[in-house]
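**Student:** Quick one: sequence plus predicted model below, questions after.
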Amino acid sequence: MSIQTTTAGSLPRTDALLEANRARPLSADGFTFEATGEHEAAVAAAVADVVARQREAGITLVGDGEYGHTMRAAIDYGAWWTYSFQRYSGLSLTDTDFFTPDPVLSTPGDVRLTAFLDRRDFTAFAEAYADPSAGIGTGEQATAFPTTTGPIAFTGLAQVQADVRNLQAALQPGEQGFLTAISPGSAARVGDQHYGSEEEHLFAWADAVREEYRAITDAGLVVQIDDPSLAENFDQIRPEPSIEDYQRFTRIRIEALNHAIAGLPRELVRLHLCWGSWHGPHTTDVELRHILPVVLDAKVGSLSFEAANVRHEHEWAVWGELGDAVPDDLVLAPGVVSHATNVVEHPDLVAQRIQRFVDVVGADRVVASTDCGLGGRVHRQIAWAKLDALGEGAGRVRA
């Protein structure tokens with residue numbers, strides 16, 4: 001059998017790329033950055049290198065490491081979301097943002113997100129999160145978080161076209177690649193002072209992100225739509241909601257996603273699901289079995305999800321339990337190496353993890369991946385060692 005491999009997007013940035021990020025001036029709005037020729041050249045060179053390194057590690061569906069996604073110079077993570085602030089209009093800084101609003105309590109039938117730092121995982125382990133020696137902090141905020149104060153519109157065509165050019169230039173003939181983009185549900189977690197209703201705000205984002213997705217798929221590349229909110233929102237609802245309420249809350253986000261991808265080639269659309277990549281206890285995570293019945297309504301060709309994280313590794317069995325509920329053309333991209341530990345997985349363990357999913361859906365419907373982005377979550381040496389283990393482990397399944 002031949003097992004394909006990929007990553008979940010973010011890979012460690014090089015010192016040269018970080019320095020180029022640092023050199024960009026901040027725009028007058030306080031949360032976007034000015035483009036510079038030096039930065040654009042650094043991105044192009046870095047993408048060529050990161051694609052070659054993935055290939056050497058045995059990765060068969062390569063990405064650009066999210067190097068084209070703007071992030072704060074000294075921070076090697078967070079770009080999966082904050083890049084969108086550079087590519088969409090209708091956003092501005094206000095007195096409150098994703099991190100700072102007052103706590104919000106939900107009631108049965110009326111589920112609402114509370115402040116990010118009021119989430120149940122953070123409050124249950126407040127002492128550990130506050131202790132630098134515990135090593136579980138969420139890190140410095142990647143950039144200022146804006147609020148929707150006007151109509152949301154996609155303005156980043158030139159930027160996504162640059163991402164496409166850089167990745168295509170690094171690909172070999174016949175080699176496939178992917179680029180990441182934010183989901184409507186995750187994008188709409190910024191505050192809203194314009195639309196007035198959660199649904200209207202959500203579908204405004206769905207209309208806007210469709211243009212970014214299409215720019216990627218029109219180029220023949222896979223678009224990975226990042227939506228950790230599907231799972232991690234559960235922890236950001238106080239008190240803990242019923243499963244039925246949370247499924248209703250999540251279903252409208254899947255409807256918005258389907259609206260955004262309508263008409264795109266299904267085989268070129270991959271959805272990434274995770275419980276948030278911060279290093280923390282995650283004892284308040286929702287169980288996979290409770291959200292999959294909703295997530296599987298997404299009209300995507302493949303689904304990327306955490307399966308090596310020790311809080312969720314056991315849930316591989318859920319896929320077998322679902323039986324016919326899993327679309328027979330859905331490709332699974334389970335994480336088989338984790339961003340949440342510095343321990344490098346043994347290739348035999350990687351092969352065993354892959355085999356579990358092969359036994360459920362067949363080798364032609366499994367693409368072995370990382371749990372989540374490795375950039376900024378483990379040291380770059382460790383990240384590349386994990387990708388080597390991923391490639392070698394996939395090779396042992398073939399044997």
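**Tutor:** Everything's here; your move. Numbering: from 1, shown residues only.
**Student:** A strand includes I59, no?
**Tutor:** No: assessed by DSSP: H, G, I helix; E, B strand; the rest coil, I59 does not belong to a strand; its assignment is coil.
**Student:** so what's it up against?
**Tutor:** T5, T6, T7, L387, L390, G391 (C-beta atoms under 8 Å, 6 or more residues apart in numbering). Using the backbone N, CA and C atoms, a C-beta is placed for each residue, glycine as well.
**Student:** Just give the closest residue to the last one, not the sequence neighbours.
**Tutor:** Using C-beta to C-beta, 6 or more residues apart in numbering and skipping the chain neighbours, the partner closest in space to G391 is G58 (2.2 Å).
**Student:** Angles on the backbone of the one you found, please.
**Tutor:** For G58, the backbone dihedrals (degrees, to the nearest 10) come out as phi 100, psi 20.
**Student:** Just list what the helix or strand hosting I254 packs against, helices and strands only.
**Tutor:** If you go by DSSP states H and E, I254 is part of helix 243-261. Judged by 3 or more C-beta pairs under 8 Å, 6 or more residues apart in numbering; DSSP states H and E, helix 243-261 is in contact with helix 184-187, helix 198-217, strand 222-226, helix 229-232, helix 288-295.
**Student:** Just want the angle from that helix to strand 222-226.
**Tutor:** Interaxial angle of helix 243-261 relative to strand 222-226 (axes from the mean of the first three to the mean of the last three C-alpha atoms, to 10 degrees): 150 degrees.
**Student:** List the buried residues in helix 243-261.
**Tutor:** 245-247, 249-250, 252-257, 259-261 (16 or more other C-beta atoms under 10 Å).
**Student:** Next: stretch 199-218.
**Tutor:** 201-217.
**Student:** same thing with stretch 37-48?
**Tutor:** Quick answer for stretch 37-48 (16+ other C-beta under 10 Å): H39, A42, V43, A44, A45, A46, V47, A48.
**Student:** tell me what the helix or strand hosting the last one is packed against?
**Tutor:** Okay, so that is A48. According to DSSP H and E, A48 maps onto helix 37-57. On a contact count with 3+ C-beta pairs under 8 Å, 6+ apart, helix 37-57 meets helix 15-22, strand 61-63, helix 157-170, helix 380-398.
**Student:** For I243, list the residues it contacts.
**Tutor:** I243 touches V286, H290, counting by C-beta under 8 Å, 6+ apart.
**Student:** again, but for the one 10 residues further on
**Tutor:** Contact partners of R253, counting by C-beta under 8 Å, 6+ apart, are S183, P184, G185, L202, D227, S229, L230.
**Student:** rerun that using 7 Å as the cut-off
**Tutor:** If you count contacts by C-beta atoms under 7 Å, 6 or more residues apart in numbering, R253 has them with G185, L202, S229, L230.
**Student:** likewise Q236?
**Tutor:** So Q236 contacts L113, T114, F116, R119 (C-beta under 7 Å, 6+ apart).
**Student:** got it, and T283?
**Tutor:** Neighbouring residues of T283 by C-beta under 7 Å, 6+ apart: D121, A124.
**Student:** quick revisit: ok now the helix holding I254, how far from the chain's centre?
**Tutor:** Remark: helix 243-261 is offset 17 Å from the chain centroid, using C-alpha atoms, centre = their mean, to the nearest Å.
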